[in-house]
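Participant: sequence and predicted structure, then a few things I'm wondering about:
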Amino acid sequence: MESEKIDFLLGLIDFSKTSRQRIKSLELIEDLNGYDLVFILCLIIRSKFSGNLIVISEQNEFSGVIFDHGDIVKIDYPDQENLIGNLIVQEEIITKEKLDEITANLPIKLIGQYLIEKKYITKEQLQLLLFKQSKFRLAKYMDSSLVAVNFNFNKEQVEAALVSHSGYYEILYAMIFQYYQPEWLTKYSDYYSKKFFSISDINEELSVLESFDLIWPACEKLQKSSKKCLSHKELIARIAANDLEGIRLLHFLVLTGVVLVVNEMINTESPTPTPVKITSEGATVPTNDLPTDLKLTKKYLLDQKPFDAFAVLNKYSSLINSNELIHFYFIWIKIHGAYYNNYMLSTEKISAELDQINAASIPPGDYYYVKALLEAQMKNTDNSLMYYSKALANDVIFVSYAIRKRLN
């Protein structure tokens with residue numbers, strides 16, 4: 001996905017620009033796919049537009065979403081699976097035989113209102129069914145097929161909106177976390193990784209977002225942040241997420257306006273662990289002259305290149321008993337080999353060896369990451385996740401190096 005296209009799509013939800021100008025600019029883009037529609041939906045909903053969004057598939061099938069002041073009133077999609085009658089049967093409110101009997105001479109478009117009048121279902125049940133139908137039908141759009149779109153403004157009043165702004169968040173959450181393909185989100189990850197994010201005023205959304213177990217803790221942490229802007233990696237580290245789930249969460253927060261993409265960094269530098277100087281006397285004094293090749297040891301291990309890491313460490317093997325950092329790296333490579341390459345290792349002995357290291361002399365992120373790796377080797381999943389979270393909190397580099405499951 002080209003960065004120009006992503007810039008354009010993010011521009012659709014940039015509320016520093018005129019909404020109508022942005023929606024008219026849709027005519028300029030030709031390679032939209034189903035996943036990209038979410039930006040257009042966000043533009044219409046957050047701008048509180050009334051009108052019809054027409055979507056044309058590659059097979060020239062027409063479908064559409066009708067809006068009333070930003071609320072989704074109706075979704076017309078050419079499928080039979082999610083007609084209200086079928087959903088009523090699926091939910092076991094009425095049997096298929098009874099529904100066929102009731103609707104034998106009834107126009108299908110009147111089925112919902114008719115069932116309410118005859119007290120087969122309540123108005124609340126119909127609203128829930130219509131909401132479920134909207135979720136299913138919007139999910140139908142979520143694929144990589146190319147689409148063409150057009151939005152027609154229409155101020156005609158509608159009796160009742162079915163999916164409110166807050167309800168749309170639930171649908172958006174479901175779409176991103178259930179239907180988006182990892183490949184598509186990874187392309188956004190590559191783009192986001194070069195950007196910075198400004199935390200917006202989310203007070204208006206708080207009552208909605210509190211209901212999302214994954215989203216709400218992230219919002220609380222963002223609120224407590226003293227920084228005006230955060231980098232992509234800092235943001236994911238701060239919300240204690242990683243890899244694909246972090247990207248899903250970040251994407252949700254961007255689309256709902258909780259965080260905004262910005263072009264400049266403002267007070268975003270994270271404190272980095274102070275490197276130490278290697279000395280034969282075993283001293284560990286702060287300095288910036290760590291040998292270049294030793295700096296590569298950590299990267300080799302994170303990049304799954306243990307033999308390259310060992311080749312570097314071997315040069316300093318004579319210092320293993322006199323320097324904490326060298327000793328620590330040798331422990332790291334042993335644990336790494338045991339976990340990823342099934343080397344024989346006594347976890348009790350290596351744990352005791354690691355406990356002998358003066359943790360204060362090791363960059364904290366590195367120390368916690370190795371502790372997480374050791375706990376994973378011992379199959380203590382909860383402890384491993386706890387130490388990994390601590391590693392993230394101290395060094396955002398580890399957001400790109402989640403501990404992968406060992407393939408036996």
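Facilitator: The structure has been received and is ready for your questions.

Participant: hang on, I66 in a strand?
Facilitator: Yes: judged by DSSP: H, G, I helix; E, B strand; the rest coil, I66 forms part of a strand.

Participant: residues near it, how many?
Facilitator: 19 (other CB atoms under 10 Å). C-beta: built from backbone N, CA, C; applies to glycine.

Participant: bridging residues for it?
Facilitator: Using DSSP bridges, the beta-bridge partners of I66 come out as N52, K74.

Participant: same question for N33.
Facilitator: L146.

Participant: doesn't L37 belong to a strand?
Facilitator: No: assigned with three-state DSSP, L37 falls outside any strand and is helix.

Participant: go ahead and confirm it touches A139.
Facilitator: No: with contact defined as CB atoms under 8 Å, L37 does not count as touching A139 (11.2 Å).

Participant: Y339: which element?
Facilitator: Using DSSP states H and E, the element containing Y339 is helix 324-341.

Participant: which strands and helices lie in contact with that helix?
Facilitator: Here helix 324-341 touches helix 292-302, helix 306-314, helix 347-355, helix 364-377, going by 3 or more CB pairs under 8 Å, 6 or more residues apart in numbering; DSSP states H and E.

Participant: quick check: L319 vs Y329, distance?
Facilitator: 10 Å (CB to CB, to the nearest Å).

Participant: ok, back up a step: K132 is nearest to which of the helices and strands packed on helix 324-341?
Facilitator: With CB to CB as the criterion, K132 lies closest to helix 364-377 of the helices and strands packed on helix 324-341, at 39.5 Å.

Participant: tilt between the closest one and helix 347-355?
Facilitator: Calculated by axes from the mean of the first three to the mean of the last three CA atoms, to 10 degrees, helix 364-377 forms an angle of 170 degrees with helix 347-355.

Participant: residues contacting helix 364-377, please?
Facilitator: Residues outside helix 364-377 that contact it (CB atoms under 8 Å, 6 or more residues apart in numbering): 273, 298, 328, 331-332, 335-336, 338-339, 345, 347, 350-351, 354, 357, 359, 381, 383-388, 390-392, 394-395, 397-398, 401, 403, 406.

Participant: restricted to buried residues, select these in ChimeraX.
Facilitator: Here the buried members of these are turned into a ChimeraX selection, burial being counted by 16 or more other CB atoms under 10 Å:
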select :298,328,331,332,335,336,338,339,350,351,354,357,384,387,388,390,391,392,394,395,397,398,401,403
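
Participant: didn't I44 look like it was pressed against V149?
Facilitator: No: taking CB under 8 Å as the definition, I44 is not a contact partner of V149, at 10.6 Å.

Participant: and D14, what element?
Facilitator: Using DSSP H and E, no helix or strand contains D14.

Participant: burial measure for it, as a count.
Facilitator: 13.

Participant: quick one, phi/psi of the nearest residue to it once chain neighbours are set aside?
Facilitator: Leaving aside its chain neighbours, D14 sits nearest to R22 (7.4 Å; criterion: CB to CB, 6 or more residues apart in numbering). Main-chain torsions, R22, degrees, to the nearest 10: phi -70, psi -40.

Participant: same thing with L32?
Facilitator: Dihedral angles for L32 - degrees, to the nearest 10 - are phi -70, psi 150.

Participant: now do the most centrally placed residue in the chain against A309, distance only.
Facilitator: The residue lying closest to the centre of the chain (CA atoms, centre = their mean) is R248, at 1.5 Å. Going from R248 to A309 by CB to CB gives 32 Å.

Participant: kindly report the same for E4.
Facilitator: With CB to CB as the criterion, E4 and A309 are 39 Å apart.

Participant: okay, those two: which has more neighbours?
Facilitator: More crowded of E4 and A309, by other CB under 10 Å: A309, with 24 against 9.

Participant: low-confidence bits of this structure, can you list those?
Facilitator: Within the chain, the segments meeting pLDDT under 70 span 1-2, 15-17, 80-82, 106-110, 155-161, 201-205, 240-243, 263-292, 405-408.
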